[in-house]
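Novice: No letters, just coordinates:
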Ligand SMILES: C[S@@+](CC[C@H](N)C(=O)[O-])C[C@H]1O[C@@H](n2cnc3c(N)ncnc32)[C@H](O)[C@@H]1O
């Protein structure tokens, strides 16, 4: 056997092993992609049929993976609309078209900001960790996340059947109401009486569960948050700030400088509410705005804070519902920051009130969403279960401030849908006067 033939065989073995062992997305994003393509051609010229099949199967994998939504998906209970199919004319049609519309908008959304870019950007600098994360999610982040949520949800249903049942009812009820809201007045009149009766039964049962087991809407909402964010923590932690496009990073910069400028270089602390995997904490440290120990990250998801603690070892991270985090036990802060998180909390007004109670005199509450209030509005329409709320506008914030002595709105947010919102995102600053 000549040395040339041996080389051929070696190169083919490499193509085979890389395409089967390593996910092709890592290769396509890696600095070795040129070598990979040369090898493919090399193998193609000597063993056309086998290598062509390999290359096709490898790249069909890439296209299968390429529609991962950036927003975690809450699983539908699968019982709601499905079980009613065949029960009524106009209503059936309307829900059908609503679900079609949903698919179209998901596609549009993923086309506008390709979700794999952030994964690939991160994979470029750390292919080994990319491979670990992919393995953890069974080779597909989107499917893997959905699968993890499903497993955790059935475990929760077993350990706490009352909460599990309430979550299913709440989910079906929210989706029913959302689809009715989406109908015109005429179509709304066509919603069959049985559908409303079923909705009334769901609501009565939710009241019963509340009375018998004390399950509240807040608890249901938090359970959805916990399941979803826990399941996506590792993948989000890996993508990290690779997720932030440049203009978002600039907008975040303004919010962070407002949140930190009153804090001296040695003293004072900032609380990052809904810190997730610590992207914002990382930005504060990287921009030298505060020392790591001056930043405390808090999140309801222990998986999120575990990832954040691994990354930023000198900052403190707390796994807690923000509404349970009291000033008596934890002391006060010079600054309380909500970065892309206020809309995820069950009651934004209560959350701002809680932030005021945690804030020192002379301190600030900064609420930001670099993508803007209209982005949150869109998320709320798409997924009202996870994104139950919208961001408060200037009037609503003014009303909250006026119910406290010495709290002022010093930076008013742009209205959702305004050109300012599109250009600058959402930014609000409340000051607790000295
Ligand atoms: C969209 S993520 C934002 C994460 C992070 N701030 C960032 O910018 O990457 C929202 C976070 O809020 C957290 N969250 C939701 N409800 C919460 C609650 N009641 N208390 C604390 N954190 C909460 C979620 O677990 C999630 O990590």
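Specialist: Sure thing, it's come through. As the structure is a computational prediction, the values presented were derived from the model and not from experiment.
Novice: gap between residue 302 and residue 234?
Specialist: 13 Å (C-beta to C-beta, to the nearest Å). C-beta coordinates here come from the backbone N, C-alpha and C atoms, glycine included.
Novice: Tell me which of those two has more neighbours.
Specialist: For residue 302 versus residue 234, neighbours defined as other C-beta atoms under 10 Å are more numerous around residue 234 (21 against 16).
Novice: In this structure that one contacts residue 307, no?
Specialist: Yes. Counting by C-beta atoms under 8 Å, residue 307 is a contact partner of residue 234 at 6.4 Å.
Novice: Identify the residues contacting residue 334.
Specialist: 262-263, 268-270, 359-360, 362-364 (C-beta atoms under 8 Å, 6 or more residues apart in numbering).
Novice: Can you classify it as helix, strand or coil?
Specialist: At residue 334 the chain is in strand, as set by DSSP: H, G, I helix; E, B strand; the rest coil.
Novice: nearest spatial neighbour of it, skipping sequence neighbours?
Specialist: With C-beta to C-beta, 6 or more residues apart in numbering as the criterion, residue 334 has its nearest non-adjacent residue at 3.8 Å, and that residue is residue 268.
Novice: hang on, that neighbour in a strand?
Specialist: No. Residue 268: not assigned to a strand; according to three-state DSSP it is coil.
Novice: 10 is where my numbering starts, stick with that
Specialist: Let's use 10 as the start, then, which means that last one is residue 277.
Novice: mind listing what it touches?
Specialist: Contacts of residue 277 by C-beta under 8 Å, 6+ apart are 271, 303, 342-344.
Novice: Low-confidence stretches in the stretch 110-259 of the chain?
Specialist: 110-126, 250-252 (pLDDT under 70).
Novice: in it, what residue is nearest the ligand?
Specialist: residue 238 (3.6 Å; C-beta to the nearest ligand atom).
Novice: That residue sits in which helix or strand?
Specialist: Using DSSP states H and E, residue 238 sits in helix 226-248.
Novice: got the domain boundaries for this structure?
Specialist: Domain segmentation of the chain under automatic domain parsing yields 12-74, 89-242, 253-441.
Novice: Name the stretch among the ones you listed that sits most buried.
Specialist: The highest mean neighbour count among the domains of the chain, using mean count of other C-beta atoms under 10 Å, belongs to domain 253-441: a mean of 19.
Novice: quick check, that one touching the ligand?
Specialist: Yes. Using C-beta under 6 Å from any ligand atom, domain 253-441 comes into contact with the ligand via 283-285, 288-289, 307-310, 313, 330-331, 348-350, 353-354.
Novice: Tell me which of the residues you listed fall in helices.
Specialist: 288-289, 313 (DSSP state H).
Novice: So which residues of the stretch 160-309 of the chain form strands?
Specialist: Ranges of strands within the stretch 160-309 of the chain are 279-282, 304-308, based on DSSP state E, counting those that start in this stretch.
Novice: Turn the ones you listed into CSV, columns for mean pLDDT and distance to residue 138.
Specialist: Formatted as CSV, these follow (pLDDT from 0 to 100; distance: least, C-beta to C-beta, whole Å):
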stretch, mean pLDDT, distance to residue 138
strand 279-282, 98, 24
strand 304-308, 98, 21
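Novice: Determine which of these approaches residue 263 most closely.
Specialist: Residue 263 lies closest to strand 279-282 among the strands of the stretch 160-309 of the chain, at 15.4 Å (C-beta to C-beta).
Novice: the strands in the stretch 310-443 of the chain, which residues?
Specialist: If DSSP E, counting those that start in this stretch is used as the criterion, the strands of the stretch 310-443 of the chain fall at 325-328, 342-348, 368-378, 416-420, 435-441.
Novice: can I get these in JSON lines with mean pLDDT?
Specialist: Formatted as JSON lines, those follow (pLDDT from 0 to 100):
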{"stretch": "strand 325-328", "mean pLDDT": "98"}
{"stretch": "strand 342-348", "mean pLDDT": "98"}
{"stretch": "strand 368-378", "mean pLDDT": "96"}
{"stretch": "strand 416-420", "mean pLDDT": "97"}
{"stretch": "strand 435-441", "mean pLDDT": "97"}
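Novice: okay if I get the ones you listed as CSV plus distance to residue 295?
Specialist: As requested, the strands of the stretch 310-443 of the chain are arranged in CSV below (distance: least, C-beta to C-beta, whole Å):
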stretch, distance to residue 295
strand 325-328, 17
strand 342-348, 14
strand 368-378, 17
strand 416-420, 23
strand 435-441, 20
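Novice: Contacts only, for the nearest residue to residue 142 once chain neighbours are set aside.
Specialist: Leaving aside its chain neighbours, residue 142 sits nearest to residue 247 (4.6 Å; criterion: C-beta to C-beta, 6+ apart). Listed by C-beta under 8 Å, 6+ apart, the contact set of residue 247 reads 128, 131, 135, 138-139, 142.
Novice: Same list (these) but as JSON lines, adding secondary structure and distance to the ligand.
Specialist: JSON lines is the format used below for these (DSSP: H, G, I helix; E, B strand; the rest coil; distance: C-beta to the nearest ligand atom, whole Å):
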{"residue": "128", "secondary structure": "helix", "distance to the ligand": "15"}
{"residue": "131", "secondary structure": "helix", "distance to the ligand": "14"}
{"residue": "135", "secondary structure": "coil", "distance to the ligand": "19"}
{"residue": "138", "secondary structure": "helix", "distance to the ligand": "18"}
{"residue": "139", "secondary structure": "helix", "distance to the ligand": "19"}
{"residue": "142", "secondary structure": "helix", "distance to the ligand": "17"}
